[in-house]
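*Asks:* okay, predicted coordinates and the sequence, questions at the end:
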Amino acid sequence: MRGFEGDFREKLREKAVKFWEEFSSFLLKAGRGLTIRSYMFGVFIPFTVFGILVALVLKLFVFRYFPVEGIVTLIPYFFPLLCVFVALVYPFYYIYARAKNIDTHIPLFITYLATLATTGPSRKILFQMAAEKEEFETLAEEAKKIVKIADAWNMGFIKACRAVAKTTPSVIFQDFLERLAHSFQAGEDIKEFLRKEVNVVMNEYERMYKRSLYYIEAANNMYLNMIITLAFIAAFALIFPMLTDMSITGAIYGMFFLFLLVDIAMLLFIRRITPKDDLMHNLKIKSKDMIMLEKALIPTILASFIIFMVLLFTRPFSTPVNIAISQTPLFILGALAGRVEARVMRKDDNFPTFIRTVGASAGVRGGSLTPVIGALRLHNYGALTEDIKALYRRLTLGDVNRSWRFFAGETGSNLIDKFSRIFIESAYSGGDTAEIGETLGNSFARMIGLRKFRRQLASSLKGMLYSAMVGISISIFIIVTLVDSLGRGLFGGGSVSIEGVEFMPVKFTAVQFDMSLIMILVWVLLLIHAAISSVIIKIVDGGHMYNSLVHYVTMMWMGTIITVLVPKLFSQIIPL
C-alpha cells in the first residue's frame, strides 16, 4: 500500500513539474516578460480581487441605497466571474497578437535575410541588421533575442535559434528557426539555405493567408444567418406587444441593441482574423493622388454640413431623405479614393517586372544602378513609368536613399515601399543584384496573387452585405407598417374583449404607437448597420478607408428609399 502511495505521489509530482514547465513556456510566448509569478501577482490575483471588491461595493452599498430591478441585480454575481475570465484570457490575447504580428511580417523578414545574405555577412551581422529594422516589429525583437543568446550569453546560434523557437508563438517562424538551427549544425551555406527558404516560408505564409480568408468566408455565412435570424426576432419583437402588455417602443430598443451587438461583434472578429496587408502606405511622403484626396476631405465634409443645415431649416423632405441627401457628397470622396486604389494596384502589378529587370541589368552591366534605371525609364511600365522617370532624375542628383524613399512614397504603395527598402540596402551593400531582383520580384508577385484572391472574397462579401441590407430593410419596415396598420385600423380604440377576456392590451393604441419615432429609430439602426458593413468591406479588401464611403452612401440610400416607399406601398395594398 505504501509503495502504491509512493508511486502515486511520484507521478503526481512529475505531472506537476511538467505542467509548471509547460505553463512557464506558454507565458513566455506572450512576451511582456511574463513568468508564473508575475502573471499570478501582476494579473490574475489583482483582477480577481478587483472583481470581488467591486461586487461587494455594488451589493452592500450602491444597490442598497439605489434599488434596482431585473437583470441589473445580477451584476455583483457575474462581475467577479468576468474579471477572472479576463485574467485567464490575458496571456492568450497577447500570444495571438504576437503570433499574428510575426506571421504578417515574416515574408518581408525572410526576403530581407535572403537578399542581405548575398552580400556575404556573418551570422551575427545578419541577425544584428535584422534586429535593427523597426518595421519588422516583433520579429526584430526575436532577432535581438537570438543575437543576445548567441553572442552575449555565448551559447552559439544553433542553441539560440532553438531556444527562441520554443518561446515564439508563431508556428511558421518556429519551423523556420528549427530548420535554420539544423542548417547551422550541418554546416550548410547560409546564403544557399535562405535562398531556398524564401520559397518554403512563402508557401507556409500563403497557406496561413488563405486559411484566414476561409475563416472570413465562414464568418460571413454565419453573419448572414444571424442577420436572417435577427430579422425573424424583430418580427416577433414587433408583434409581441400586440399579445402582451409590453411597450412596442421597448421592443424596438431591444431590437436596436441586438442588431448593434451583432454588427460590432462581426466588425471586431473580422478585424482580428483578417491578415494585415494594407494596400497603401502611411508615409509622410505622399503621392499626388493621395495629396489630392486629403485636400478633398475638408471641402467634402464642409459641403455635406452646409447641405444638411439648409435642409434642416427648409425641411423639403422627410428626415431620412434630408440626411441621405446631405451625406451624398461623401460618395464623391469615396469614389476618388477608389480611383487612387486602382492606380496603386496597377503600379503594384508592374513593380515585380521592374525590380527583376533592374537586378538583371545591373548584374550584367555592373557598377552604379543609375544608368540602368536611366535606360529602363524609356520603357513602358504602365502606371509606374512616371515614378521611374522621377526616380532617375533624383538619382542623377546623387542622394540614393532619398531618391528611393521619394520613389516609394510617390507610388503610394505599401508593398513597393517595403520591398524597395530591402532592395536599396541589399543592392547598395554589394549584394548580387540579379539574385536580389529575382528574389524580390518572386516574393512581390506571390503577395499580389494573395491580394487578388482576397479582393475576390471582398467582392462576394460586398454582394452579401448589400443584399442583406435590402432584405433587412424591407422585412423590418413591412413588419413595422403591418403592426402600425393593425394597431390603428383594427384596435385603435384600446383592447378587444370577448366574454370578458382582453385580446389586445390597452398599451398598444394609436397614442402609444408613435409611427414617426419608430420609423426614425429603425432608419438609424439601418444607418449604423450600413456604416459598420462598409468598414467591414474595406477591412477585408485592405484598401483605403475613404473608399468605404461609397458603400456607406449606397447602402444608406437603399435604406432611405425603402424607408419612404414601403409604408406607402403597403398602405395602398392593405388600406387599414
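*Replies:* Perfect, thanks for sending it. Numbers count the residues shown, from 1 in each chain.
*Asks:* what residue is smack in the middle of the chain?
*Replies:* In the chain, the centroid-proximal residue (CA atoms, centre = their mean) is Arg271; its distance is 2.7 Å.
*Asks:* in contact with the nearest residue in space to that residue that is not next to it in sequence, which residues?
*Replies:* Spatial nearest neighbour of Arg271, excluding adjacent residues (CB to CB, 6 or more residues apart in numbering): Ile539 at 5.6 Å. C-beta here means a position set from N, CA and C on the backbone, and glycine is covered the same way. By CB atoms under 8 Å, 6 or more residues apart in numbering, Ile539 lies in contact with 267, 270-271, 274.
*Asks:* so which bits of the strand or helix carrying Ile539 are buried?
*Replies:* Using DSSP states H and E, Ile539 maps to helix 515-541. For helix 515-541, the neighbour count (16 or more other CB atoms under 10 Å) marks 515, 518-519, 521-523, 525-527, 529-541 as buried.
*Asks:* packing partners for the biggest helix by length in the chain?
*Replies:* Longest helix in the chain by number of residues (criterion: DSSP state H): helix 433-489. Under the contact criterion of 3 or more CB pairs under 8 Å, 6 or more residues apart in numbering; DSSP states H and E, helix 433-489 touches helix 75-116, helix 190-239, helix 329-365, helix 414-427, helix 515-541, helix 548-573.
*Asks:* tell me the mean pLDDT over that helix?
*Replies:* Taken as a whole, helix 433-489 carries a mean pLDDT of 84.
*Asks:* now do that helix against helix 515-541, angle only.
*Replies:* Angle, helix 433-489 to helix 515-541, by axes from the mean of the first three to the mean of the last three CA atoms, to 10 degrees: 170 degrees.
*Asks:* so for the closest residue to Thr73 other than its chain neighbours, what's the pLDDT?
*Replies:* Nearest residue to Thr73, sequence neighbours excluded (CB to CB, 6+ apart): Phe63, at 7.0 Å. Confidence at Phe63, expressed as pLDDT, is 77.
*Asks:* what is the neighbour count of Phe63?
*Replies:* 15 (other CB atoms under 10 Å).
*Asks:* surely it is in a helix?
*Replies:* Yes - under DSSP: H, G, I helix; E, B strand; the rest coil, Phe63 sits within a helix.
*Asks:* how much space separates it from Arg405?
*Replies:* Per CB to CB, to the nearest Å, Phe63 is found 61 Å from Arg405.
*Asks:* got phi/psi on the residue nearest to the centre of the chain?
*Replies:* Phi and psi for Arg271, reported as degrees, to the nearest 10, are phi -60, psi -30.
*Asks:* can you tell me how far it sits from Ala219?
*Replies:* 11 Å.
*Asks:* do Val171 as well
*Replies:* 22 Å.
*Asks:* neighbours of Ser459, just the number please.
*Replies:* The burial count for Ser459: 13, using other CB under 10 Å.
*Asks:* just Ser473 next, same as before
*Replies:* 25.
*Asks:* looking at this, Ile52 is in a helix?
*Replies:* Yes - counting by three-state DSSP, Ile52 is part of a helix.
*Asks:* mind checking how far it is from Met558?
*Replies:* 49 Å.
*Asks:* for Val535, same thing?
*Replies:* 17 Å.
*Asks:* Ser287 - nearest residue in space that isn't next to it in sequence?
*Replies:* Gly412 (3.9 Å).
*Asks:* wait, I meant Thr115
*Replies:* Ser426 (3.9 Å).
*Asks:* my guess is the one you found contacts Thr118, does it?
*Replies:* Yes - assessed by CB atoms under 8 Å, Ser426 is found in contact with Thr118 at 6.5 Å.
*Asks:* cool, thanks, signing off.
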